[in-house]
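[1] Below: sequence and its predicted model.
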Amino acid sequence: MDKASVVGSIIGVIACVTVMYMASHGHFMMFYSEKGLIMVFGGTISVLLMAMPIENIKCVPGYIKRFLFNKGISTIETVKLMSTLSDKARRDGILALENEIEKIEDPFLAKGLRMAVDGTDEEIIETTLRLEVMAIQQRHAAGKKFFDLIKLYAPGYGLVATLIGQVGMFGNLNGGIEVLGHMLAIAVVATMYGTVLANAVAGPMGDKLALRSGEEILSKEMMLQGILSIQAGDNPRATQEKMLAFVPNTARRNMKLAA
C-alpha cells in the first residue's frame with residue numbers, strides 16, 4: 001500500500017467535506033445536482049470512450065491499483081539484488097544463477113537472467129529487453145493519458161453545464177427567485193464537480209503514475225546493465241559501480257556507509 005497516496009486522498013476528502021459542512025451548516029444536499037452529475041461525469045465518460053481504445057478503458061482498475069499500491073523495486077534494492085547476483089555468478093559461475101531465477105518475482109529480470117544463463121548473445125539480450133522497456137513505457141503512457149483526459153475535459157463539461165444553467169436562468173426570468181436560484185445552483189455546482197474531478201482526483205493520480213513509471217523504467221535500465229555486466233563476467237564491484245551510477249549521491253553515500 002502506498003501510504004502517501006492513501007494519506008493524501010484522506011486529507012483531501014476531509015478538507016473538502018469540512019469546508020462543505022462549514023459553508024452549508026450540514027445541509028450537504030445543496031451541493032447535489034443531478035443535472036450537473038449527468039453533464040460532468042457523463043460527458044467525461046463520453047470523451048474517454050471517444051479518445052481511447054476500449055482495451056485501455058478496461059485497464060482502469062489496474063491504473064487505480066497502481067496508484068494505491070507500489071510493488072516496484074527501489075533503486076537501492078535493485079543495486080543490492082544485482083550485486084548479490086553478480087557475486088554468485090563470479091563465485092559459482094553464471095549457471096549457478098539458474099536456481100536464483102525461480103526466486104525472482106520481477107519477470108523482466110528473470111527473463112534477462114534466463115537468456116544470459118542460456119548463453120544468448122549480448123546484443124540479442126539487450127535488444128529484447130529494450131523492446132520490453134518500450135512496451136512498459138507504452139502501457140504506462142496509456143494510464144497517464146487516461147487521467148490527463150479527465151483533467152483536461154472534466155472542467156470543460158462543467159463549463160458547458162454552467163452555460164446551460166445560465167441559459168435556463170435567463171430563459172426563466174419571469175419564473176421567480178426559486179427558479180432562478182435552482183438554475184444558478186446547477187451552473188455553480190456543475191463547475192465545482194468538474195474542478196474537483198480534474199484537480200483533486202485525476203491530476204494527482206496521473207502525476208503519481210508518471211513518477212512511478214519513471215522509477216520503474218530506471219529500475220529496468222539498472223537491471224539491464226547489471227545483466228549485461230554479469231554475462232560479460234565483470235568484477236562484482238564493477239557491476240555495483242554501474243548500478244550506483246543510477247543512484248543519487250546522497251543515497252549512494254548512505255548505502256556505502258551501511259555496507
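    All right, it came through fine. Numbering: from 1, shown residues only.

[2] and after the host helix or strand of residue 89, which helix or strand comes next?
    Assigned by DSSP states H and E, residue 89 belongs to helix 75-92. Sequence order places helix 98-101 as the next helix or strand after helix 75-92, per DSSP H and E.

[3] Which parts of that next one count as buried, going by neighbours?
    Going by neighbour count (16 or more other Cβ atoms under 10 Å), the buried part of helix 98-101 is 100-101. Every C-beta, even on glycine, is put in place using the N, C-alpha and C of the backbone.

[4] Only the buried residues of the helix or strand just after it, if you could.
    Towards the C-terminus, the helix or strand next in line after helix 98-101, according to DSSP H and E, is helix 107-117. Buried residues in helix 107-117, defined by neighbour count with 16+ other Cβ under 10 Å: 108-117.

[5] which secondary structure elements does helix 107-117 contact?
    Helix 107-117 makes packing contacts with helix 98-101, helix 122-171, helix 203-231 when contacts are defined by 3 or more Cβ pairs under 8 Å, 6 or more residues apart in numbering; DSSP states H and E.

[6] between it and helix 122-171, what angle do the directions make?
    Put simply, helix 107-117 runs at 160 degrees to helix 122-171, going by axes from the mean of the first three to the mean of the last three Cα atoms, to 10 degrees.

[7] what residues does helix 107-117 touch?
    81, 85, 94-95, 97-98, 100-101, 104, 124-125, 128-129, 132, 136, 220, 223-224, 227, 230-231 (Cβ atoms under 8 Å, 6 or more residues apart in numbering).

[8] Filter those down to the buried ones.
    Buried among these by 16+ other Cβ under 10 Å: 81, 85, 94, 97, 100-101, 104, 125, 129, 132, 220, 223-224, 227, 230-231.

[9] how about the closest residue to residue 106 other than its chain neighbours, what does it touch?
    Leaving aside its sequence neighbours, residue 106 sits nearest to residue 73 (Cβ to Cβ, 6 or more residues apart in numbering; 6.4 Å). Taking Cβ under 8 Å, 6+ apart, we find residue 73 in contact with 81, 106, 219.

[10] Need phi/psi at residue 73.
    Backbone torsions for residue 73, taken as degrees, to the nearest 10, come to phi -90, psi 130.

[11] Give me the distance from the helix holding residue 89 to the chain's centre.
    A distance of 28 Å separates the centroid of the chain from that of helix 75-92, by Cα atoms, centre = their mean, to the nearest Å.

[12] and what of stretch 163-170?
    That offset, for stretch 163-170, works out to 38 Å (Cα atoms, centre = their mean).

[13] Flag every buried residue along that stretch.
    For stretch 163-170, by 16+ other Cβ under 10 Å, it's 164-165, 168-169.

[14] and those as a markdown table, adding pLDDT and distance to residue 156?
    As requested, those are exported to a markdown table (pLDDT from 0 to 100; distance: Cβ to Cβ, whole Å):
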| residue | pLDDT | distance to residue 156 |
| --- | --- | --- |
| 164 | 81 | 13 |
| 165 | 76 | 15 |
| 168 | 73 | 19 |
| 169 | 72 | 20 |
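
[15] wait, what's in contact with the residue nearest to residue 150 when sequence neighbours are not counted?
    Spatial nearest neighbour of residue 150, excluding adjacent residues (Cβ to Cβ, 6+ apart): residue 202 at 3.7 Å. Applying Cβ under 8 Å, 6+ apart, we find residue 202 in contact with 147-148, 150-151, 154.

[16] Show me the contact partners of the helix or strand containing residue 48.
    If you go by DSSP H and E, residue 48 is part of helix 43-51. For helix 43-51, the external contacting residues (Cβ under 8 Å, 6+ apart) are 57, 146, 149-150, 153-154, 156-157, 160, 197.

[17] Thanks again, I'm all set now.
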